[in-house]
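Q: Have a look at this prediction, sequence included:
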Amino acid sequence: MPSPSAVVEHGRVLLEDEAARRAGVASGIGVAAARALSPGIVLLARDRPREAAAMHALACWAGGLTPRVALAADTLLLDVGACLRLFGGLEKLQAAALAGVAAQGFSISSAAAPTPLGAEWLARLRPETRCADAEALGRQLDALPVTVLPGGAAAALARFGARTLGAARRLPATALARRLGEESMRLLGRAYGECPDPRPDFVFPERFALPLQLPAAVDNAAALLFAARRLTGALAGWLAARQAGAREAVLRLLHRRGETRVELRFADVTADGGRIERVLRERLERMALAAPVEALCLEAARVEALPARNRPLLDDARAGQEAIGVLLERLGARLGEARVYRVAAHADHRPECATRRTAPLGKYAACAPLPPPRPLWLLDAPEALPEVDGRPYRRGPLTLLAGPERIESGWWDGGEQAGDVRRDYFVALAQDAAWLWIYRECRAGGWFLHGYFS
């Protein structure tokens, strides 16, 4: 967004950026006054649906900090009392929250307090305040101006000469209640923790499919990463709140006409936002857009329960497995999923058909192990061997150690590389002490080298 800029509603400035603030633009002044103070200012109309979508995304993201989240107008409330030990205390938790919000491109005012309304008032008027108990909260609230109360109550207190909440609370309670009204007294009680302040919890959606409208069309795929970071952060928080992980996700790039799907696959179920973002970065940096992108939508395609595991006392063997999974994800994103695969056993007696290429990030059905002996290294195509004095020959005569083992048939599978075969296999010893797997073709005759034993 260009700077200086401000958001306006009903002809008055609602919010201004730092450049506009330095020029003298402040919340509440009219549009004409804002243009006079800063002729080059960009005025944007308030977009409430877009604000609501941003708050919804932030609430999903906050699930990575606490499962108890509440939305109140333009305020995000996190109940973190039960999570302090997990993050190492209130200071570290608040720092993690601020860093996470900043990484998504938002700027906020924050505060921590024992009551939700107290935290909301302090965030608005005394940002970065942390109150660990009711006594500290009372001292901080007493210093707030009475303007945090509804307009009529603030004006009534001003006539008494009370400029702060502390001065107002020192007035006789009966007279104060008569002049302020029941609603203002209830607000004071909720802020100070003297009466209950229940807030409805944010309900995390059953299915994650979060859209994001871009402020302008983007024609460079790599430039989408910053905007997509909001979606990946929200997905990670949603997964944490549901105690689940994603095995697959889909980022839909919405154009004026049609869409492009970017599929993200992971080695195992994960709720790590950084891991999801790394795979997405690899895909976007190597992608050419068919048309400018106007909006994004991230969907969790396959979600599974995240298995619980104990933290190890010593070396974590699982950490090595996770590192391999991350490597496979990055290779698949860089080289293409068709070029990264693993070999799995397949139930077939013919050597050429006894293995299959499978996706490195998916599961495969196990089959019965092949009967020994079988070499680990098979040639792409069998090598014809000469026969000397009735014995197979390769840089000298070969000594047959074991065999024959008859491998026959396969008529039902004419499309396979091997097809219908009839062979007698032997384990042979070469002159250089190499162990070979050779066979004699029963139909056409002749000896062939098919593999090496390690």
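A: Perfect, I can see it now.
Q: quick one, what contacts residue 195?
A: The neighbours of residue 195, taking Cβ atoms under 8 Å, 6 or more residues apart in numbering as the test, are 186, 189. Using the backbone N, CA and C atoms, a C-beta is placed for each residue, glycine as well.
Q: let's see it at 10 Å
A: When contacts are counted by Cβ atoms under 10 Å, 6 or more residues apart in numbering, residue 195 touches 115, 185-189.
Q: In PyMOL, select just the buried ones from these.
A: The following PyMOL line selects those of the contacts of residue 195 that are buried, judged by 16 or more other Cβ atoms under 10 Å:
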select buried, resi 115+185+187+188
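Q: Among the contacts of residue 195, pick out the one closest to residue 351, please.
A: residue 115 (72.6 Å; Cβ to Cβ).
Q: Skip the chain neighbours and tell me the closest residue to the closest one.
A: Distances taken as Cβ to Cβ, 6 or more residues apart in numbering place residue 193 nearest to residue 115, at 4.7 Å, with adjacent residues excluded.
Q: Could you check how many residues crowd around residue 30?
A: 12 (other Cβ atoms under 10 Å).
Q: got it, and residue 331?
A: Applying other Cβ under 10 Å, I find that residue 331 has 15 neighbouring residues.
Q: Use 35 as the first number for this chain going forward.
A: Yes, from this point I'll number from 35; that puts the last item at residue 365.
Q: next SSE after the helix or strand containing it?
A: If you go by DSSP states H and E, residue 365 is part of helix 351-369. As assigned by DSSP H and E, the chain's next helix or strand after helix 351-369 is strand 376-379.
Q: Which elements pack onto the next helix-or-strand element following that next one?
A: Sequence order places strand 389-392 as the next helix or strand after strand 376-379, per DSSP H and E. On a contact count with 3 or more Cβ pairs under 10 Å, 6 or more residues apart in numbering; DSSP states H and E, strand 389-392 meets strand 376-379.
Q: starting at the chain centroid, how far to the strand it packs on?
A: Chain-centre distance of strand 376-379: 29 Å, with Cα atoms, centre = their mean, to the nearest Å.
Q: Quick check: buried residues in that strand?
A: residue 379.
Q: Mind listing the strands it pairs with, and their directions?
A: Next to strand 376-379 in the sheet, as set by DSSP bridges, lie strand 389-392 (antiparallel).
Q: could you give me the average pLDDT of the helix or strand just after the strand it pairs with?
A: Proceeding N to C from strand 389-392, the next assigned helix or strand is strand 411-419, under DSSP H and E. In this model, strand 411-419 has a mean pLDDT of 84.
Q: same thing with stretch 242-255?
A: Here the average pLDDT along stretch 242-255 is 87.
Q: in it, what's buried?
A: Per 16+ other Cβ under 10 Å, stretch 242-255 contains these buried residues: 242, 244, 246, 252, 255.
Q: which residues does the fourth one bridge with?
A: When you say that, I think you mean residue 252. Where residue 252 sits in a bridge, its partners, by DSSP bridges, are residue 327.
Q: Check whether it really touches residue 246, as I assumed.
A: No: Residue 252 lies out of contact with residue 246 (Cβ atoms under 10 Å); the separation is 11.5 Å.
Q: Identify the contacts common to these two.
A: The contact lists of residue 252 and residue 246 share 258, 261, 329-330, where a contact means Cβ under 10 Å, 6+ apart.
Q: Can you say which of those are buried?
A: Here, 16+ other Cβ under 10 Å leaves 258, 261, 329-330 buried among those.
Q: number of nearby residues for the closest residue to residue 475 other than its chain neighbours?
A: Closest residue to residue 475 apart from its sequence neighbours, by Cβ to Cβ, 6+ apart: residue 457 at 6.1 Å. Residue 457 has 21 neighbouring residues, counting by other Cβ under 10 Å.
Q: can you tell me the helix or strand for residue 457?
A: Counting by DSSP H and E, residue 457 is found in strand 455-463.
Q: Please enumerate the helices of the stretch 185-334 of the chain.
A: 185-193, 199-203, 207-214, 216-226, 258-275, 307-319 (DSSP state H, counting those that start in this stretch).
Q: And the longest one, what does it pack against?
A: In terms of contact count using 3+ Cβ pairs under 10 Å, 6+ apart, helix 258-275 is assigned the packing partners helix 82-95, helix 124-137, strand 243-252, strand 278-288, strand 293-304, helix 307-319, strand 327-339.
Q: quick one: which of those is nearest residue 56?
A: helix 124-137 (20.9 Å).
Q: Please list all residues in contact with residue 60.
A: 40, 47, 50, 54, 67-68, 71.
Q: same thing but at 8 Å, please
A: 47, 50.
Q: quick check, it in a helix?
A: No: Residue 60: not assigned to a helix; according to DSSP: H, G, I helix; E, B strand; the rest coil it is coil.
Q: what's the spacing between it and residue 40?
A: 10 Å (Cβ to Cβ, to the nearest Å).
Q: which residues do these two both contact?
A: 47, 50.
Q: What helices and strands are in contact with the host helix or strand of residue 55?
A: Using DSSP H and E, residue 55 sits in helix 52-56. Helix 52-56 is packed against strand 39-43, with contacts defined by 3 or more Cβ pairs under 8 Å, 6 or more residues apart in numbering; DSSP states H and E.
Q: pLDDT weak spots in the stretch 35-184 of the chain?
A: 35-36 (pLDDT under 70).
Q: switch to 80 and redo it
A: The stretch 35-184 of the chain contains residues with pLDDT under 80 at 35-37, 107, 141.
Q: quick one: the spatially closest residue to residue 138 that is not a sequence neighbour from residue 242, how far?
A: Once flanking residues are discounted, residue 138 sits nearest to residue 264: 4.6 Å by Cβ to Cβ, 6+ apart. Distance of residue 264 to residue 242, computed by Cβ to Cβ: 13 Å.
Q: do residue 78 as well
A: For residue 78, the distance to residue 242 - Cβ to Cβ - is 29 Å.
Q: Distance check, the residue most central in space within the chain against residue 112.
A: What sits nearest the mean C-alpha location of the chain, by Cα atoms, centre = their mean, is residue 307, with 3.0 Å. As judged by Cβ to Cβ, residue 307 and residue 112 stand 17 Å apart.
Q: repeat for residue 173
A: Applying Cβ to Cβ, the value for residue 173 to residue 112 is 23 Å.
Q: Which of those two has more residues huddled nearby?
A: residue 112 (23 against 11).
Q: For that one, give me its contacts.
A: With Cβ under 8 Å, 6+ apart, residue 112 has these contacts: 96, 99-100, 102-103, 131.
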